[in-house]
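A.B. asks: 3D, please:
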Amino acid sequence: MFKRIKKEIYIEGMHCEGCVKRVKNALLSIPGIKECDVSLEDKKATLVLSKNVDEKFILDKIESLGFQIK
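C.D. replies: Numbering: from 1, shown residues only. Sure, this is the predicted structure:
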């Protein structure tokens, strides 16, 4: 069983389900992120991490897709 660390990140600039899918796929590609739910309506990503992941790395990944962190 892995350690469960829950994290929420608020994201600006998502306009459609395609944006949601891009963010979700990018976040799930990061080692240590085990689960990811991205909500267009709530403008946020809810992550479950199995280990500590550098938050700056996560935020940089989202911003590299053209979205802003709120």
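
A.B. asks: what sits against the residue nearest to residue 28 when sequence neighbours are not counted?
C.D. replies: In this structure, residue 28 finds its nearest non-sequential neighbour in residue 36, 5.2 Å apart by Cβ to Cβ, 6 or more residues apart in numbering. From N, CA and C alone the C-beta is placed, and that goes for glycine too. By Cβ atoms under 8 Å, 6 or more residues apart in numbering, the contact set of residue 36 is 24, 27-28, 45-48.

A.B. asks: doesn't residue 36 belong to a strand?
C.D. replies: Yes: looking at residue 36 with DSSP: H, G, I helix; E, B strand; the rest coil, it is inside a strand.

A.B. asks: that one pairs with what?
C.D. replies: residue 47 (DSSP bridges).

A.B. asks: can you select the buried ones among the contacts of residue 36 for me in PyMOL?
C.D. replies: In PyMOL, this line selects whichever of these come out buried by 16 or more other Cβ atoms under 10 Å:
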select buried, resi 27+45+47+48
